[in-house]
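Undergrad: sequence-free structure coming up:
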């Protein structure tokens, strides 16, 4: 078979031209001395060049056009990656993490399982899971320990709406820290890789000598509440399959034990004597700490005197344990004196010093106004084709002079009988 003139040399084209007359005159070689362009040939070339072509693929914006990515339909033939841009927390019951995607008209909603920010715990891996990388980069991979509902909407409609294991991959560590802080309404101060966490209720080893404790090979995190400025430590108790959160002020400032050689510390619970058993340790279960147990006045004598009691609520050992032991991981990728053990001690001192500076009483029940929505998007209005939703019209003078409407979610309607 003769080689095509598009990819072959001039000699091969000449041989093929002698064997068969080209069916389309516009394909004749200009090297042929007998070739004379005609109006038909010019018209054919113009028609071919003006034919409609396949439109180019959507433009991939790339960094810094997006902050994170998420996979939908993972491990299926329909697997797709969604590029996520700015976010905000909107609504209540359910509370949602609303992402504006890279392309116009795309919105991804992450339905949070609880309206209480203190009950949400983003999960990141321990440095041992990736030994040869930077431990800080593990904060780029954010996930949750339970399935959450994800709804992905485009201009074509809803493409995804089901419960999945949510896993975000961020482009910067700063973005990951900011999102974790926004979800919990507590600023993420620092994190520490620990080998094992134990207490007097959950011993470090079991009867066979195996290391058990509360959790092993986990990342402990230090938070500061945005409202009360309290400090908390959290970690995932993988042996109990639940999250643990402890108020820093519930422990004594001075460390009960400190072993720099083995990277260990023990945090003594405030008011718990070393020789006495915990008030609730006999059941073998640690009661979950509620954020409403402690307030600013709980650490001071005025609340105790008002109740006719000389001991504060923290002295009554509301944590259910006498001490909390922590053994930090040894990581060769960090410099000396900057490891997790030394850094935790510095953070511990700073947290206690900050919590002891205030004595104000904060109200428990408070009202927060909703934030503006991304691109004007809310539950009652889907994004338009160009990605911009229509704004609501201005109320009439008659409506303005009437009774004020109650504040609530977008789309909220009062009772039909106008009962206050």
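TA: That came through, no problem. Computed from a predicted model, the values in this text were never measured in an experiment.
Undergrad: quick one: contacts of stretch 163-183?
TA: Stretch 163-183 is contacted from outside by 63-64, 66-72, 74, 84, 87-89, 97, 110, 112, 117, 120, 122, 136-137, 139-144, 147-150, 187-188, 226, using C-beta atoms under 8 Å, 6 or more residues apart in numbering. Every residue, glycine included, has its C-beta placed from N, CA and C.
Undergrad: so residue 138: helix, strand or coil?
TA: Look at residue 138: counting by DSSP: H, G, I helix; E, B strand; the rest coil, its state is helix.
Undergrad: can you pull the phi/psi pair for the residue lying closest to it once chain neighbours are set aside?
TA: Of all residues not flanking residue 138 in the chain, residue 125 sits nearest, at 4.8 Å (C-beta to C-beta, 6 or more residues apart in numbering). Here is the backbone geometry of residue 125 (degrees, to the nearest 10): phi -80, psi 160.
Undergrad: in contact with residue 125: list those residues for me.
TA: Counting by C-beta under 8 Å, 6+ apart, the residues that residue 125 touches are 138, 141, 219.
Undergrad: dump the residue contacts of residue 230.
TA: With C-beta under 8 Å, 6+ apart as the criterion, the residues that contact residue 230 are 224, 247, 248, 249, 294, 355.
Undergrad: look up how far residue 224 lies from it.
TA: Residue 230 is 7 Å from residue 224, where distance means C-beta to C-beta, to the nearest Å.
Undergrad: where does pLDDT dip in the chain?
TA: Scanning the chain with the threshold set as pLDDT under 70 gives 1-64, 273-317, 332-338, 358-420.
Undergrad: now do the helices in it.
TA: 10-19, 39-49, 173-184, 301-306, 340-355, 397-401 (DSSP state H).
Undergrad: just list whatever residues bridge to the closest residue to residue 97 other than its chain neighbours.
TA: Counting by C-beta to C-beta, 6+ apart, residue 97 lies nearest to residue 110, which is 3.8 Å off, once chain neighbours are set aside. Taking DSSP bridges as the rule, residue 110 bridges to residue 97, residue 150.
Undergrad: burial count for residue 110?
TA: By the criterion of other C-beta atoms under 10 Å, residue 110 has 22 neighbours.
Undergrad: please look at it and residue 95 and confirm they touch.
TA: No - at 9.6 Å, residue 110 and residue 95 do not qualify as touching, with contact defined as C-beta atoms under 8 Å.
Undergrad: the longest strand along the chain pairs with which strands, and in what direction?
TA: What stands out as the longest strand in the chain, according to DSSP state E, is strand 186-199. Applying DSSP bridges to the sheet, strand 186-199 is found paired with strand 215-225 (antiparallel), strand 323-328 (antiparallel).
Undergrad: between the last one and helix 340-355, what angle do the directions make?
TA: Same thing as strand 323-328. For strand 323-328 against helix 340-355, the angle by axes from the mean of the first three to the mean of the last three C-alpha atoms, to 10 degrees is 140 degrees.
Undergrad: distance of residue 244 relative to residue 214?
TA: 6 Å.
Undergrad: okay, those two: which has more neighbours?
TA: residue 214 (26 against 22).
Undergrad: phi first, then psi, for that one.
TA: Dihedral angles (degrees, to the nearest 10) for residue 214: phi -80, psi -40.
Undergrad: what sits against residue 96?
TA: With C-beta under 8 Å, 6+ apart, residue 96 has these contacts: 89, 90, 109, 110, 111, 112.
Undergrad: surely the second one touches residue 98?
TA: Yes - at 5.1 Å, residue 90 counts as touching residue 98 under the criterion of C-beta under 8 Å.
Undergrad: can you give the domain ranges for this protein?
TA: 67-184, 186-273+300-358 (automatic domain parsing).
Undergrad: number of nearby residues for residue 139?
TA: Residues near residue 139, counting by other C-beta under 10 Å: 23.
Undergrad: sorry, back to before: pull the most distant pair out of the contacts of residue 230.
TA: Greatest spatial distance among the contacts of residue 230 (C-beta to C-beta): 224 and 294, at 14.2 Å.
Undergrad: please enumerate the strands of the stretch 1-150 of the chain.
TA: For the stretch 1-150 of the chain, the strands defined by DSSP state E, counting those that start in this stretch cover 68-72, 80-90, 96-101, 107-111, 141-143, 148-154.
Undergrad: nearest to residue 207, out of the ones you listed?
TA: Judged by C-beta to C-beta, the one of these that comes nearest to residue 207 is strand 141-143, at 33.4 Å.
Undergrad: what does that closest one contact?
TA: The contact list for strand 141-143 (C-beta under 8 Å, 6+ apart) reads 68, 122-125, 165-170, 176, 179-180.
Undergrad: scan these and report the most crowded one.
TA: Using other C-beta under 10 Å as the neighbour test, the contacts of strand 141-143 are led by residue 176, with 24 neighbours.
Undergrad: the spatially closest residue to that residue that is not a sequence neighbour bridge partners, please.
TA: In space, residue 176 comes closest to residue 170 once its chain neighbours are excluded; the distance is 4.3 Å by C-beta to C-beta, 6+ apart. Assessed by DSSP bridges, residue 170 has beta-bridge partners residue 68.
Undergrad: same check on residue 237?
TA: Beta-bridge partners recorded for residue 237 (DSSP bridges): residue 242.
Undergrad: okay, it and residue 78: tell me how far apart.
TA: Applying C-beta to C-beta, the value for residue 237 to residue 78 is 36 Å.
Undergrad: between these two, point out the one with more neighbours.
TA: Neighbours per residue, other C-beta under 10 Å: of residue 237 and residue 78, the larger number sits with residue 237, 17 against 9.
Undergrad: contact partners for that one?
TA: Contact partners of residue 237, counting by C-beta under 8 Å, 6+ apart, are 197, 214, 215, 218, 243, 244.
Undergrad: burial check on the closest residue to the fifth one other than its chain neighbours, number of neighbours?
TA: The shortest distance from residue 243 to any residue other than its chain neighbours is 4.6 Å, reached at residue 121 (C-beta to C-beta, 6+ apart). Using other C-beta under 10 Å as the criterion, residue 121 is surrounded by 19 other residues.
Undergrad: who are the contact partners of residue 121?
TA: Residue 121 makes contact with 144, 145, 184, 234, 236, 243, 245, according to C-beta under 8 Å, 6+ apart.
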